[in-house]
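S.K.: Need the 3D shape of this:
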Amino acid sequence: MFGTVPIVASAALENPLSFDTIENFVEGALRAFVYIALPILAFFFVYAGFLFIKAQGNEGGLSKAKDNFKNVVIGAILILGAWVFATLIANTVSQLVG
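M.R.: Just a heads-up that it's a prediction; the model follows:
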(Lines give C-alpha, C1' and ligand atoms only; values in the text may rest on other atoms or scores of the structure.)
Protein backbone atom coordinates (compact mmCIF):
# COMPACT_ATOMS: atom_id res chain seq x y z
CA MET A 1 0.00 0.00 0.00
CA PHE A 2 2.76 2.42 0.90
CA GLY A 3 5.80 2.72 -1.36
CA THR A 4 9.28 2.90 -0.05
CA VAL A 5 11.03 6.24 -0.09
CA PRO A 6 14.73 6.18 -0.87
CA ILE A 7 16.85 7.75 1.83
CA VAL A 8 19.64 10.01 0.70
CA ALA A 9 22.72 9.35 2.77
CA SER A 10 24.43 12.70 2.30
CA ALA A 11 22.59 15.96 1.78
CA ALA A 12 24.59 19.14 1.71
CA LEU A 13 23.21 22.60 2.21
CA GLU A 14 24.27 25.10 -0.40
CA ASN A 15 24.55 28.82 0.15
CA PRO A 16 22.02 30.52 -2.16
CA LEU A 17 23.57 33.94 -1.52
CA SER A 18 26.72 35.31 -3.04
CA PHE A 19 28.05 36.29 0.40
CA ASP A 20 30.55 34.10 2.19
CA THR A 21 30.52 35.80 5.60
CA ILE A 22 28.06 37.66 7.77
CA GLU A 23 30.13 40.83 7.40
CA ASN A 24 29.81 40.69 3.63
CA PHE A 25 26.07 40.09 3.93
CA VAL A 26 25.58 43.09 6.24
CA GLU A 27 27.68 45.24 3.92
CA GLY A 28 25.64 44.14 0.91
CA ALA A 29 22.35 44.71 2.71
CA LEU A 30 23.39 48.21 3.78
CA ARG A 31 24.60 49.00 0.27
CA ALA A 32 21.25 47.86 -1.17
CA PHE A 33 19.39 49.91 1.45
CA VAL A 34 21.39 53.04 0.59
CA TYR A 35 20.92 52.50 -3.17
CA ILE A 36 17.17 52.25 -2.63
CA ALA A 37 17.00 55.15 -0.17
CA LEU A 38 18.95 57.72 -2.22
CA PRO A 39 16.34 58.16 -4.99
CA ILE A 40 13.62 58.34 -2.34
CA LEU A 41 15.58 61.04 -0.51
CA ALA A 42 16.02 62.96 -3.76
CA PHE A 43 12.26 62.78 -4.37
CA PHE A 44 11.51 64.14 -0.89
CA PHE A 45 14.06 66.96 -1.31
CA VAL A 46 12.22 67.97 -4.50
CA TYR A 47 8.88 67.64 -2.71
CA ALA A 48 10.11 69.90 0.10
CA GLY A 49 11.13 72.48 -2.51
CA PHE A 50 7.70 72.18 -4.09
CA LEU A 51 6.12 72.85 -0.69
CA PHE A 52 8.22 76.01 -0.33
CA ILE A 53 7.06 77.24 -3.73
CA LYS A 54 3.45 76.27 -3.05
CA ALA A 55 3.43 78.17 0.28
CA GLN A 56 3.86 81.57 -1.46
CA GLY A 57 4.62 83.35 1.80
CA ASN A 58 1.80 81.72 3.77
CA GLU A 59 3.05 81.15 7.33
CA GLY A 60 1.25 77.82 7.73
CA GLY A 61 2.58 76.52 4.42
CA LEU A 62 6.10 77.72 5.16
CA SER A 63 6.01 76.03 8.55
CA LYS A 64 4.92 72.76 6.93
CA ALA A 65 7.64 73.07 4.25
CA LYS A 66 10.34 73.80 6.85
CA ASP A 67 9.29 70.82 8.96
CA ASN A 68 9.27 68.55 5.92
CA PHE A 69 12.71 69.78 4.82
CA LYS A 70 14.08 69.32 8.34
CA ASN A 71 12.75 65.75 8.46
CA VAL A 72 14.25 64.93 5.05
CA VAL A 73 17.66 66.25 6.13
CA ILE A 74 17.50 64.24 9.38
CA GLY A 75 16.56 61.11 7.43
CA ALA A 76 19.41 61.63 4.99
CA ILE A 77 21.88 62.09 7.84
CA LEU A 78 20.64 58.92 9.55
CA ILE A 79 20.77 56.79 6.40
CA LEU A 80 24.16 57.98 5.19
CA GLY A 81 25.54 58.09 8.74
CA ALA A 82 24.57 54.47 9.34
CA TRP A 83 26.32 53.45 6.13
CA VAL A 84 29.48 55.40 7.03
CA PHE A 85 29.43 54.08 10.60
CA ALA A 86 29.05 50.47 9.43
CA THR A 87 31.86 50.93 6.92
CA LEU A 88 34.16 52.35 9.59
CA ILE A 89 33.41 49.48 11.97
CA ALA A 90 33.96 46.89 9.22
CA ASN A 91 37.30 48.43 8.26
CA THR A 92 38.41 48.59 11.89
CA VAL A 93 37.48 44.96 12.52
CA SER A 94 39.22 43.81 9.34
CA GLN A 95 42.40 45.67 10.37
CA LEU A 96 42.29 44.14 13.85
CA VAL A 97 41.75 40.64 12.57
CA GLY A 98 44.38 41.03 9.90
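S.K.: Near Ala55, how many other residues are there?
M.R.: By the measure other CB atoms under 10 Å, the count of residues near Ala55 is 16. For the C-beta atoms, the positions are set from N, CA and C on the backbone; glycine is no exception.
S.K.: ok, now which ones touch the residue nearest to the spatial centre of the chain?
M.R.: Residue closest to the mean C-alpha point of the chain, counted by CA atoms, centre = their mean, is Phe33 at 2.2 Å. Going by CB atoms under 8 Å, 6 or more residues apart in numbering, Phe33 touches 79, 83.
S.K.: got it, and the one 4 residues further on?
M.R.: Residues in contact with Ala37, defined by CB under 8 Å, 6+ apart, are Ile79.
S.K.: any idea how far it is from Val46?
M.R.: Separation of Ala37 from Val46 (CB to CB, to the nearest Å) stands at 15 Å.
S.K.: next one: Lys66
M.R.: Lys66 is 16 Å from Val46, where distance means CB to CB.
S.K.: Those two: which is more packed in?
M.R.: When neighbours are counted by other CB under 10 Å, Lys66 and Val46 differ, and Lys66 comes out ahead with 14 against 11.
S.K.: So for that one, what's the pLDDT?
M.R.: pLDDT recorded at Lys66 is 95.
S.K.: need the contact list for it.
M.R.: Lys66 neighbours (CB under 8 Å, 6+ apart): none.
S.K.: Which of the helices or strands spans it?
M.R.: In the assignment (DSSP states H and E), Lys66 maps to helix 59-97.
S.K.: Same check on Phe33?
M.R.: Going by DSSP H and E, Phe33 is in helix 22-55.
S.K.: how far does that helix sit from the chain's center?
M.R.: 8 Å (CA atoms, centre = their mean, to the nearest Å).
S.K.: and the angle from it to helix 59-97?
M.R.: Angle of helix 22-55 versus helix 59-97, following axes from the mean of the first three to the mean of the last three CA atoms, to 10 degrees, is 160 degrees.
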